[in-house]
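**Q** Here is my input; please provide its structure:
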Amino acid sequence: AIQFLSGLTGDDAANDTFADVKGDYIVDKLALTGSIAQGNSTYGSALVAGAVTLTNTVGSDVVIATGVAFNTIGNTSTSGHLKASDTAYVGIQSVSALTGVDKDNYTFADIKGDYKVDKLAINLSGITAAPKTYDGNTQATVSTGAVVWDGRIAGDNLSLSSTGTFGDKNVGTDKVVTLTHTLGGTDLGNYTVTTPASTTADITPKALTLNAGPVRKTYDGGLSYNTSAADLTALSAQLVSGDTVTAASLAFTDKNAGTGNKSITFNSATLEDGNNGDNYTLTLVGNNTSNIDKAPITVALQGSVEKTYNGVNTATVNNANFATSGWVSGEGASITQTAGVYANQNVSANPGNGSVSANLQLSDYAAQANTDLNNYNLPTSASGAVGKINPATLNIKVNDTKMFVTQDANLAFDQGFSYTGLVN
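**A** Numbering: from 1, shown residues only. Okay, here's the model as predicted:
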């Protein structure tokens, strides 16, 4: 007992003693008040408690807060660390122990403080783009299989997917590939991630066999071929979409006419691919199925085909009466046919422009030197308004009658007429 009676009062106080009058006494502990300064650390690092301030210790009592506990329940990452947050966690620090000679006079249950965890800065590396063959687009194939998460806390769940785009579609070495990243994972919010903006990769030329399809021309005595728009369209269809063949050099290997059996060589091609054709390595292939059509020849009768009326429609022609055209320069033929036909045998129908025709066979053409008639379509007839039939001479004679001149002429016998020159 720490309480005892220390004095009496009253008229009879002197008659009594009180040495054994005692009692107990209880002193309750003082509940400390104070605060814990906001603590701060970077995600993944050890938690650093804020400074503790006690505001109601009595007099010169020696009381020191030596322990601070953290309540992280429900706020930890996969790896077990307190998650980063944009604002401080409220009241998760609390005093956990006191020291000092007077510590037992106090309680400390209500002294708490906030705490903030900053995001951890990490870097990504090891993202690559694969080289590719020219395909006409800028898309790159990006690999993240060897990615390095420099600074990531072991055990945390982070994910990454990346895409890439070349600056242009054209062939080149060490071309810049611009990267786009998508980050994920349950622990991503604990980090600020610095990702690479780009990498490099090559685009190599596309090896292409460019095949010339069958072409056609009319015999012209030479090997050259004038490429058509349709030819260029067919060649362009073999390139990557959007690229075109703007010019091509094709040539026949011989000059003579033929159908489906003529060979051509493919000598050169000009490409429009945005890179002067350097996006391709070309192998040019001709064919042996092209065509040289026979050149058409026209033949007409000219001049004058003339005779004296003889009652039949036969006509006589010669080479000078045949006008031909369509020959390749330096080539030609004469015509040996001499037989022709008037459309009408009469003089009246052939005053100089009567219709005359002549049938022609291959044997009627006599080729000049260096002329192969197989390279030409030769007409099988010729005609023209060239016919002239002159009238035949008809002689008429009065037949003689023998009469004495002294006789009356009126009494002479009529002997009729005689004709020479009539056509049978």
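**Q** alpha carbons only for contacts and neighbour counts from here, please
**A** Fine.
**Q** Confirm that residue 288 sits in a strand.
**A** Yes: applying DSSP: H, G, I helix; E, B strand; the rest coil, one finds residue 288 inside a strand.
**Q** what residue ranges in the chain score low on pLDDT?
**A** Low-confidence segments of the chain (pLDDT under 70): 1, 400-415.
**Q** And the helices in it?
**A** All helices of the chain, identified by DSSP state H, fall at 229-236.
**Q** max-length strand in the chain?
**A** strand 258-272 (DSSP state E).
**Q** What residues sit buried inside that one?
**A** Within strand 258-272, the residues scored as buried using 16 or more other CA atoms under 10 Å are 258, 262, 263, 264, 265, 266, 269, 271, 272.
**Q** which one of the residues you listed sits closest to residue 163?
**A** residue 272 (28.6 Å; CA to CA).
**Q** contacting residues around residue 329?
**A** Taking CA atoms under 8 Å, 6 or more residues apart in numbering, we find residue 329 in contact with no residue.
**Q** oh, I was asking about residue 90
**A** Applying CA under 8 Å, 6+ apart, the residues near residue 90 are 113, 114, 115.
**Q** Wait, the first one touches residue 91, no?
**A** In this case it means residue 113. Yes: applying CA atoms under 8 Å, one finds residue 113 in contact with residue 91, separated by 4.6 Å.
**Q** With neighbour numbers in mind, choose between the two.
**A** Per other CA atoms under 10 Å, whichever of residue 113 and residue 91 has more neighbours is residue 113, with 25 against 16.
**Q** Turn the buried residues of strand 258-272 into JSON lines, including distance to residue 231.
**A** Shown next, in JSON lines, are these (distance: CA to CA, whole Å):
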{"residue": "258", "distance to residue 231": "20"}
{"residue": "262", "distance to residue 231": "17"}
{"residue": "263", "distance to residue 231": "16"}
{"residue": "264", "distance to residue 231": "13"}
{"residue": "265", "distance to residue 231": "14"}
{"residue": "266", "distance to residue 231": "12"}
{"residue": "269", "distance to residue 231": "12"}
{"residue": "271", "distance to residue 231": "14"}
{"residue": "272", "distance to residue 231": "15"}
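**Q** Distance of the residue nearest the centre of the chain relative to residue 272?
**A** By CA atoms, centre = their mean, the chain has its centre lying nearest to residue 241, at 3.6 Å. From residue 241 over to residue 272 the distance is 11 Å, taken as CA to CA, to the nearest Å.
**Q** Residue 23 too?
**A** Distance from residue 23 to residue 272, by CA to CA: 113 Å.
**Q** Next: residue 340.
**A** For residue 340 relative to residue 272 (CA to CA), the value is 60 Å.
**Q** Please apply the same query to residue 167.
**A** 19 Å.
**Q** Tell me who's in contact with the residue nearest to residue 206 when sequence neighbours are not counted.
**A** Using CA to CA, 6 or more residues apart in numbering and skipping residues adjacent in sequence, the residue nearest residue 206 is residue 280, 4.6 Å away. Residue 280 sits next to 134, 205, 206, 207, 208 when contact means CA under 8 Å, 6+ apart.
**Q** let's see it at 6 Å
**A** 205, 206, 207 (CA atoms under 6 Å, 6 or more residues apart in numbering).
**Q** go on, residue 390?
**A** By CA under 6 Å, 6+ apart, the contact set of residue 390 is 308, 309.
**Q** Next one: it from residue 254, what distance?
**A** Distance from residue 390 to residue 254, counting by CA to CA: 52 Å.
**Q** same check, this time on residue 60
**A** 122 Å.
**Q** And these two? Which one has more around it.
**A** Counted by other CA under 10 Å, residue 60 and residue 254 do not tie: residue 254 has more neighbours, with 14 against 7.
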